[in-house]
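K.L.:
Can you look at this prediction? I've put the sequence above it.
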Amino acid sequence: MSRHNPSLQRLLAEHEFLSLTDSQSRFADHPGSGLPLLAVSTPLCEALIAFNGAQLLSFKPTGGEELLWVSPNCQFSEGASLRGGIPLCLPWFGPHPSDKSRPNHGIARTRDWHLTGARLDDHQLCHLSFEYTHNADLLFEHDFSATLVLTLGLTPTLSLHLHNRSEETFDASWVMHTYFAVSDIAGVRVEGLDGREYADKVRGGRYFTQSGPITFSGEVDRVFEDIQLPVTIDAGRRLRVTGDNCPSVVVWNTGDQLARKIADIGPGHHTGYVCVERGACLGDSWRLAPGEERHAEMSITPA
Ligand SMILES: O=P(O)(O)OC[C@H]1O[C@H](O)[C@H](O)[C@@H](O)[C@@H]1O
């Protein structure tokens, strides 16, 4: 388990801005057996990260509001997929392309990641590196390593480095699946996709053209490819989601009906979040040759 790894113990001892905490004290009354969390406290922000998935669960700029939503029914257990924050879906997005029995959205979000680096720079930006090393197994047959670097200032930036350590070429699709906290989904608009084609997962993956901003009056599950520009969320506050090498944008909310059927969301809780995800999936997926490394970055800023 991550909390026993020597590099974590050394980094905790070296850096006052880092401490260990747990889900029971930070997310009281949530189901599950509990998880260790890394707490970050700097002059610019407060944040919580689960080693399970290297998942940013909470981010609050100093003097500002919480950016991320965590479901009141999020199950905090080792190896669970945590419903909220920014899960990293990797090395496949959605159902596995050829074997539907494998977990949705790959394996990275449910594995244990190691904190391998931490520093606070001269501008008080906190840089954290988390690593996951995958040795071929029954769920994904290729060796790879992934590094997720979180840069936390008044805003968060997440960088992904993916390295094919195997001797074969493989395809990877992935997204940073951000759950943004909103006061009511009914008033949310997602802008910047007008006129673009999307695969509508609510209508069997068929393609349609977006007209105007995306609004939410029921289930929305749209995948846009080849989007180079930022996307803006208008939810009272305005947030810009910018990607570098993140050409895919996924916009998701369950709506009322589907929320009732998903145990870790539950009746009425769809109103508190909107997912606007950036990455590389469908036709934007990555093909990595043996030894190849690729890099991508997503940042979230006020618009
Ligand atoms: O329930 P999960 O496996 O976490 O997936 C949650 C959602 O993720 C994405 O946004 C997909 O486009 C949705 O189709 C999916 O339902």
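P.N.:
Noted; the coordinates are in hand.
K.L.:
So which residues on the stretch 151-300 of the chain come close to the ligand?
P.N.:
Residues of the stretch 151-300 of the chain found near the ligand (CB under 6 Å from any ligand atom) are 201, 221, 250, 252, 275. (Glycine included, C-beta is placed from N, CA and C.)
K.L.:
Report the strands that pair with the one helix or strand A199 maps to, each with its relative direction.
P.N.:
Using DSSP states H and E, A199 sits within strand 197-200. Sheet pairing of strand 197-200 (DSSP bridges) gives strand 206-209 (antiparallel), strand 220-224 (antiparallel).
K.L.:
looking at those, which is buried most?
P.N.:
strand 220-224 (a mean of 22; mean count of other CB atoms under 10 Å).
K.L.:
Let's verify L258: helix, strand, or coil?
P.N.:
helix (DSSP: H, G, I helix; E, B strand; the rest coil).
K.L.:
Check it and give its pLDDT.
P.N.:
With respect to pLDDT, L258 scores 98.
K.L.:
From here on, call the first residue 8.
P.N.:
From this message on, residue numbering opens at 8, which makes the last subject L265.
K.L.:
Any idea how many residues pack against S14?
P.N.:
By other CB atoms under 10 Å, 15 other residues sit near S14.
K.L.:
Closest residue of the stretch 8-157 of the chain to the ligand?
P.N.:
N111 (3.7 Å; CB to the nearest ligand atom).
K.L.:
Which pLDDT does the model give the closest residue to that residue other than its chain neighbours?
P.N.:
Leaving aside its chain neighbours, N111 sits nearest to P102 (6.0 Å; criterion: CB to CB, 6 or more residues apart in numbering). As predicted, P102 sits at a pLDDT of 97.
K.L.:
Show me which residues of the helix or strand hosting G250 are buried.
P.N.:
Element membership of G250, judged by DSSP H and E, is strand 244-251. By neighbour count on 16 or more other CB atoms under 10 Å, the buried set for strand 244-251 is 246-250.
K.L.:
Tell me how many other residues surround the spatially closest residue to S190 that is not a sequence neighbour.
P.N.:
In this structure, S190 finds its nearest non-sequential neighbour in G243, 6.1 Å apart by CB to CB, 6+ apart. Neighbour count for G243, taken as other CB under 10 Å: 11.
K.L.:
Now do the helix or strand that the strand holding G250 is followed by: everything it contacts.
P.N.:
Sequence order places strand 255-260 as the next helix or strand after strand 244-251, per DSSP H and E. Outside strand 255-260, the residues that touch it by CB atoms under 8 Å, 6 or more residues apart in numbering are 100, 182, 184, 192, 197, 200, 221, 223, 226-232, 234, 238, 248, 250, 277, 280-289, 291.
K.L.:
could you redo the last one with a cut-off of 7 Å?
P.N.:
182, 192, 197, 200, 221, 223, 227-232, 234, 238, 277, 281-289, 291 (CB atoms under 7 Å, 6 or more residues apart in numbering).
K.L.:
Please name the strands paired to that strand in the sheet, noting orientation.
P.N.:
Using DSSP bridges, strand 255-260 pairs in its sheet with strand 227-231 (antiparallel), strand 280-287 (antiparallel).
K.L.:
could you check the angle strand 244-251 makes with it?
P.N.:
Angle between the axes of strand 255-260 and strand 244-251 is 150 degrees (criterion: axes from the mean of the first three to the mean of the last three CA atoms, to 10 degrees).
K.L.:
then strand 255-260 to CSV, C-alphas only?
P.N.:
Presented in CSV, the C-alpha positions along strand 255-260 are these (Å, rounded to 0.1, in the frame of the first residue of the first chain):
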residue,chain,number,x,y,z
SER,A,255,-11.5,14.6,-27.0
VAL,A,256,-14.1,16.2,-24.9
VAL,A,257,-16.7,14.2,-23.1
VAL,A,258,-19.7,15.9,-21.5
TRP,A,259,-21.8,13.7,-19.1
ASN,A,260,-24.6,14.0,-16.6
